[in-house]
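S.K.: Sequence and predicted structure below; questions after.
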Amino acid sequence: MKILITGGCGFIGSNLIRHLLTSSDHRIVNVDKLTYAGNPNSLADLADDVRYTFCQLDIADLQAMRGVFAQHRPDAVMHLAAESHVDRSIDGPAAFIQTNIVGTFQLLTAAAEYHQGLASERAPSFRFLHVSTDEVYGALGATGEFSESTPYDPHSPYSATKAASDHLARAWKTTYNLPVIVTNCSNNYGPYQFPEKLLPLMIIKALGEQELPVYGKGENIRDWLYVLDHARALCSVLENGRVGQTYNIGGDSQRRNIDLVRSVCGILDELHPRRSGRYEELITFVPDRPGHDFRYAIDSTKIRSELGWRPQFDLETSLRHTVRWYLTHRDWWQAILDGNYQLQRLGQV
Ligand code: NAD
Ligand code: DAU
């Protein structure tokens, strides 16, 4: 199978591509604009793989997307490209409207045209997997979980644009018969995550002896899933999921932010002790994120019972593995801090 993946130079996309190339014989076409979040170094080890092709393109460029479909003739699309960071969406929502809504619209348009032109023997097996977030469901109080039938109630510009893109994807199934499947997943963690997100930010700041900024009182709760488990879930949905359906994906690992940050500090105390004191002493409570959703939790009964997927990586072990990865891949994140991680690909440094 040839799979067109969008956003493959990002955190989840790069882990997904590596997983697909090592666990299957699929061919991958990666369409990525290389925004600040796109990091070619995350896939540097795959650059010579004959089953991997990279196209630096914007999903919002309809002609370019038409060209990609015409040239590469994929059997499936896994759509991950997005502006993904909530804090950035609060400071500057325009890019989120452009990529998450307009970009998804243009990609769907090109995909539907391509699908309609496919020969009758190829069209039925074509799939468009739209990758989305649990944040579209809003915020939970002390109890409950999001299921596939939870009404949408997005709160941030990020989640509102992802909600819009989910609705567009489903509309393209109903109106144009594009074989769409939607997934909504909880917070991912693991290697190659851009250091604006909670876990890499805390690890890297701690190593730099900087304050660890915990929003509010650190009591907000997220449901953490190791990125490889998300990649496994997406492959399972692509292969066996039912067209027109939604699958929630979650880690069954809810933690308060403060507890997770303290766990990271404890792991660092063991693996990379400070000269004096403990990393926890760097924790600083800072003003809360505006509109900060209190709790997310996913009910993943559907994907578990229908597709047999379940997380394979437990939080304690994989958190330790993740901290170790950032300790041993300083060159990967130092290039980001230095601002030359994208220039390297262009041969400018
Ligand atoms: P990321 O920010 O790390 O990566 C996004 C990638 O998309 C980057 O490589 C970027 O260059 C690319 N991109 C952005 N705009 C583009 C455009 N206009 N055209 C082409 N490429 C473009 O994001 P991530 O954390 O890997 O998330 C990937 C997807 O998964 C997103 O759709 C996100 O909403 C969803 N998701 C993320 C999480 C999470 O915890 N990170 C959880 C659930 C769902
Ligand atoms: O739930 C899935 C979503 O998870 C994805 O759709 C998003 O793309 C992804 O960014 C993530 O969103 P969050 O807002 O939950 O992730 P973030 O890493 O930004 O923050 C996690 C929690 O930690 C959140 O409650 C805010 C808090 N936080 C975050 C940062 C960056 C802090 O306390 N301090 C920080 O410096």
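M.R.: Cool, the structure landed. Ligands and ions are numbered 1, 2, ... in the order given.

S.K.: Can you tell me what sits against the host helix or strand of Glu306?
M.R.: If you go by DSSP states H and E, Glu306 is part of helix 301-307. Outside helix 301-307, the residues that touch it by C-beta atoms under 8 Å, 6 or more residues apart in numbering are 147-148, 233, 236-237, 240-242, 247-249, 309-310. Bear in mind the C-beta positions are built from the backbone N, C-alpha and C, glycine included.

S.K.: the helices in the stretch 201-349 of the chain, which residues?
M.R.: 227-240, 257-271, 301-307, 315-328, 330-338 (DSSP state H, counting those that start in this stretch).

S.K.: What parts of the stretch 151-300 of the chain come near ligand 2?
M.R.: Residues of the stretch 151-300 of the chain lying close to ligand 2 (C-beta under 6 Å from any ligand atom) are 186-187, 197-198, 201, 213-215, 220, 222, 257, 289, 296.

S.K.: hang on, isn't Leu319 packed against Tyr189?
M.R.: Yes. Assessed by C-beta atoms under 8 Å, Leu319 is found in contact with Tyr189 at 7.2 Å.

S.K.: Overlap of the contact sets of these two?
M.R.: Counting by C-beta under 8 Å, 6+ apart, the common neighbours of Leu319 and Tyr189 are Leu199.

S.K.: For the helices of the stretch 201-349 of the chain, state which one has the densest average packing.
M.R.: helix 227-240 (a mean of 21; mean count of other C-beta atoms under 10 Å).

S.K.: Same list, the helices of the stretch 201-349 of the chain, but as TSV with distance to Asp48 and mean pLDDT please.
M.R.: Below are these laid out as TSV (distance: least, C-beta to C-beta, whole Å; pLDDT from 0 to 100):
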stretch	distance to Asp48	mean pLDDT
helix 227-240	22	98
helix 257-271	32	98
helix 301-307	33	98
helix 315-328	23	98
helix 330-338	19	96
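
S.K.: Count residues in the vicinity of Lys162, would you?
M.R.: 29 (other C-beta atoms under 10 Å).

S.K.: does it count as helix, strand or coil?
M.R.: helix (DSSP: H, G, I helix; E, B strand; the rest coil).

S.K.: Contact partners for it?
M.R.: Contacts for Lys162 (C-beta under 8 Å, 6+ apart) come out as Ala82, Asn100, Ser132, Thr133, Glu135, Val136, Pro154.

S.K.: For those, pick the one with the most neighbours.
M.R.: Asn100 (30 neighbours).

S.K.: My guess is that residue contacts Ala163. True?
M.R.: No. The pair Asn100 / Ala163 is not scored as a contact, 9.3 Å apart, by C-beta under 8 Å.

S.K.: Quick one: name the residues of the chain near ligand 1.
M.R.: 6-7, 9-13, 31-35, 37-38, 58-60, 80-84, 99, 103, 131-133, 162, 185, 187-188, 194.

S.K.: among those residues, which are in strands?
M.R.: Judged by DSSP state E, the residues of the chain next to ligand 1 include Thr6, Val31, Asp32, Val131, Ser132, Thr133, Cys185, Asn187, Asn188 as members of strands.

S.K.: From the residues you listed, keep the buried residues only.
M.R.: Thr6, Val31, Asp32, Val131, Ser132, Thr133, Cys185, Asn187, Asn188 (16 or more other C-beta atoms under 10 Å).

S.K.: Can you report phi and psi for the residue located most distally from the centre of the chain?
M.R.: Each residue of the chain has a distance to the centre, and by C-alpha atoms, centre = their mean the biggest one is for Ser276: 36.4 Å. Per-residue torsions, Ser276: phi -150, psi 140 (degrees, to the nearest 10).

S.K.: Quick check: the gap between Gly8 and ligand 2.
M.R.: Distance, Gly8 to ligand 2, using C-beta to the nearest ligand atom, to the nearest Å: 16 Å.

S.K.: So what's the residue count around that residue?
M.R.: Gly8 has 30 neighbours, counted by other C-beta under 10 Å.

S.K.: please renumber so the chain begins at 24
M.R.: Sure, I'll start counting at 24 from here, so that last one is Gly31.

S.K.: pLDDT score for it?
M.R.: Gly31 is assigned a pLDDT of 98 by the prediction.

S.K.: To what extent is the residue nearest to it when sequence neighbours are not counted buried, counted in neighbours?
M.R.: Closest residue in space to Gly31, ignoring its immediate chain neighbours: Asn53 at 3.4 Å, by C-beta to C-beta, 6 or more residues apart in numbering. When neighbours are defined as other C-beta under 10 Å, Asn53 has 27 of them.

S.K.: Name whatever forms a beta bridge with Asn53.
M.R.: On the basis of DSSP bridges, Asn53 is bridged to Ile28, Phe77.

S.K.: gap between it and ligand 2?
M.R.: In this view, Asn53 and ligand 2 are 19 Å apart by C-beta to the nearest ligand atom.

S.K.: swap in Thr132?
M.R.: Where ligand 2 is concerned, Thr132 sits at a distance of 24 Å (C-beta to the nearest ligand atom).

S.K.: now swap in Gln86 and tell me
M.R.: 28 Å.

S.K.: Then Ser37?
M.R.: 15 Å.
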